[in-house]
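J.: Coordinates for the following, if possible.
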Amino acid sequence: MKPKILFACKIADPSARARLEAVCDLTEAETADPAELARHVPAFDGIIVPFTSEPLITREVMDAAPNLRLVGTTYGGVRQNVDDLYALEKGLTVIHTGASRVRPMAEYTLALILSSLMQTHNYHHYMRGEDPWPRTRFPRTRMLRGRSAGVIGYGRIGQGIVEMLRSFTDDLSVQSNHLTEAEAGAAGLKKRELDDIFRACEVIVLAGGYYPATHHMIRRRHFDLMREDALFVNIARGKMVHEAEMAAAVRERPIYLALDVFEEEPLPSDNPLRESDRVLMTPHRANNPIEFEQRWQTLADEIEAFCAGQTPESALTPERAAVMSES
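T.: Modelled structure (predicted):
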C-alpha cells in the first residue's frame, strides 16, 4: 500500500508530480495553515510544507498524526517551518531539498567574488550616474586565478563553493569542525583555524550554518587580521558577523566586502555599509537562480527513496540538525 503524503502547497513541476504519484498517494492542499494541517494530518503518513514566515509542522501537528513517518520542506532547510528536533525525537524522517541549492549558491558566490575583484559592479554604477566614464576611478583590479581562498564551513554549500574555486586556484583552505586534517589533505585542502583563514587568505567566504554557537563568530579582530585588499564574502547568515564591527573595519582598513546577507533584513537605508565602494551588497538572493527549481526533482528523489524503504540523502540526524541555519 502506498504511503499517503500531504503537500501543503501545489507542486510546480509536473514531471516531479508524476514521479511522486507513482510511489505515494499524493494530496495537494490549498493551505499551509497549521490549524488546517492539524485537522487533516491524522490520515497521512507524510507532510511536506513550503517556505513561509511561520512554523507549520509544529508539535501539535505531529502529535495529531498517529501514522506520521515523514516530514519535510520544499526548500533547502527545515527549521523555519518544522520543529525538526521534536520530529527526530518522535523517530520521524525529516527531509529537505538542500542538494538543489548547492550549484546556484556556489555560482552566485563566484559572481560576487569576481565582481568584487574586478570592480564591475562599481563601474556599472558610476556609468549610470555621476561619472559616465569611470575608467580611472578605481585602482588596478585583480584576477581570482592563483589567489589563496578560504571557505568557512564545509557543509553542502561550502563544498560546492570549494569545487567552484578549484577552476581558479589550488591554494584552498577550509575551516570546519567536522573535517579531519587527513580528509582535508586527501581533498587537496588545507585545514585552518578561523583566525588563520583571515590571516592567510586573499578571498574568504563564510558558508557555515547559523545557530547559537556561531552568533557573531566573526568580529573586528578577524577583519584586522585580513591582508590589505583581501575580500570577505558572506552568503551564509548576517548574524554570524558582528555587523557594526565589520562596518567600522571596512571604513578604516583597505579591505573589501561582498555581502548577500545582513543582521537586519531588509537592510536599513541608513546602514553605513551602503556608503563604501569597497562593499558589494545584494539583497539575500544567492538562492534565486531559476535552477533552484530543480528542488522538485530533488524532493521526488528523496520521497522515492523513503517509499522504497531507503534513507533519503537529506534525512536529518540530530548532529546535522544541531548545526543547520533557520532556513
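
J.: Strands of the chain, start to end?
T.: Using DSSP state E, the strands assigned to the chain run over residues 4-7, 25-28, 46-49, 70-73, 93-95, 149-152, 172-175, 190-191, 203-206, 231-234, 256-259, 279-281.

J.: Any chance of CSV for those strands, columns mean neighbour count, distance to Ala247 and mean pLDDT?
T.: Placement of C-beta: from N, CA and C, glycine included. Converted to CSV, the strands of the chain look like this (neighbours: other C-beta atoms under 10 Å; distance: least, C-beta to C-beta, whole Å; pLDDT from 0 to 100):
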stretch, mean neighbour count, distance to Ala247, mean pLDDT
strand 4-7, 20, 43, 96
strand 25-28, 16, 45, 96
strand 46-49, 26, 36, 96
strand 70-73, 29, 33, 98
strand 93-95, 24, 37, 98
strand 149-152, 28, 19, 98
strand 172-175, 23, 23, 98
strand 190-191, 18, 30, 98
strand 203-206, 28, 16, 98
strand 231-234, 26, 12, 99
strand 256-259, 23, 9, 98
strand 279-281, 20, 8, 98
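
J.: Distance to Ser269 added to those strands, as JSON lines?
T.: Putting these into JSON lines (distance: least, C-beta to C-beta, whole Å) gives the following:
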{"stretch": "strand 4-7", "distance to Ser269": "39"}
{"stretch": "strand 25-28", "distance to Ser269": "40"}
{"stretch": "strand 46-49", "distance to Ser269": "33"}
{"stretch": "strand 70-73", "distance to Ser269": "32"}
{"stretch": "strand 93-95", "distance to Ser269": "39"}
{"stretch": "strand 149-152", "distance to Ser269": "29"}
{"stretch": "strand 172-175", "distance to Ser269": "33"}
{"stretch": "strand 190-191", "distance to Ser269": "41"}
{"stretch": "strand 203-206", "distance to Ser269": "24"}
{"stretch": "strand 231-234", "distance to Ser269": "20"}
{"stretch": "strand 256-259", "distance to Ser269": "16"}
{"stretch": "strand 279-281", "distance to Ser269": "12"}
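
J.: Which of those strands sits closest to Arg320?
T.: strand 93-95 (9.4 Å; C-beta to C-beta).

J.: distance between the closest one and the chain's centre?
T.: Taking C-alpha atoms, centre = their mean, to the nearest Å, the mean C-alpha location of strand 93-95 is offset from the chain mean by 18 Å.

J.: Equivalent analysis for stretch 130-141, please.
T.: With C-alpha atoms, centre = their mean, you get 33 Å for stretch 130-141.

J.: Regarding it, how distant is the last residue from the first?
T.: 21 Å (C-alpha to C-alpha, to the nearest Å).

J.: that older thread, out of the strands of the chain, nearest to Pro14?
T.: The closest of the strands of the chain to Pro14 is strand 25-28. By C-beta to C-beta, the value is 12.2 Å.

J.: so what does the closest one touch, helix or strand wise?
T.: strand 4-7 (3 or more C-beta pairs under 8 Å, 6 or more residues apart in numbering; DSSP states H and E).

J.: partner strands of the strand it packs on, parallel or antiparallel?
T.: strand 25-28 (parallel), strand 46-49 (parallel) (DSSP bridges).

J.: wouldn't Glu28 be in contact with Cys9 here?
T.: Yes. With contacts counted by C-beta atoms under 8 Å, Glu28 reaches Cys9, the gap being 7.0 Å.

J.: Helices of the chain, residue ranges please.
T.: 14-23, 34-40, 59-63, 84-89, 102-118, 120-127, 156-165, 181-186, 194-200, 220-225, 243-252, 295-307, 318-322 (DSSP state H).

J.: who's in contact with the residue nearest in space to the middle of the chain?
T.: Geometric centre of the chain, nearest residue: Ala236, 5.5 Å, by C-alpha atoms, centre = their mean. Taking C-beta atoms under 8 Å, 6 or more residues apart in numbering, we find Ala236 in contact with Ile152, Gly153, Ile157, Leu206, Ala207, Gly208, Gly209, Tyr210, Val261, Ser325.

J.: try it again with 7 Å
T.: Gly153, Leu206, Ala207, Gly208, Tyr210, Val261 (C-beta atoms under 7 Å, 6 or more residues apart in numbering).

J.: Next: Ala106.
T.: Gly160, Ile161, Met164.

J.: From Phe232, how far off is it?
T.: Counting by C-beta to C-beta, to the nearest Å, the separation of Ala106 from Phe232 is 17 Å.

J.: and of the helices of the chain, who's closest to Pro272?
T.: Closest among the helices of the chain, once you apply C-beta to C-beta, is helix 243-252, at 4.6 Å.

J.: got the contact list for that closest one?
T.: 219-220, 223-224, 255, 257, 262-263, 272-273, 276, 278-279.

J.: which of the residues you listed count as buried?
T.: Buried subset of the contacts of helix 243-252 (neighbour count, 16 or more other C-beta atoms under 10 Å): Arg220, Phe223, Ile255, Leu257, Phe262, Glu263, Leu273, Arg278, Val279.

J.: Please report how far the spatially closest residue to the fifth one that is not a sequence neighbour lies from Thr214.
T.: I take that to be Phe262. Nearest residue to Phe262 in three dimensions, chain neighbours excluded: Gly238, at 4.0 Å (C-beta to C-beta, 6 or more residues apart in numbering). Between Gly238 and Thr214 the distance is 12 Å, computed by C-beta to C-beta.
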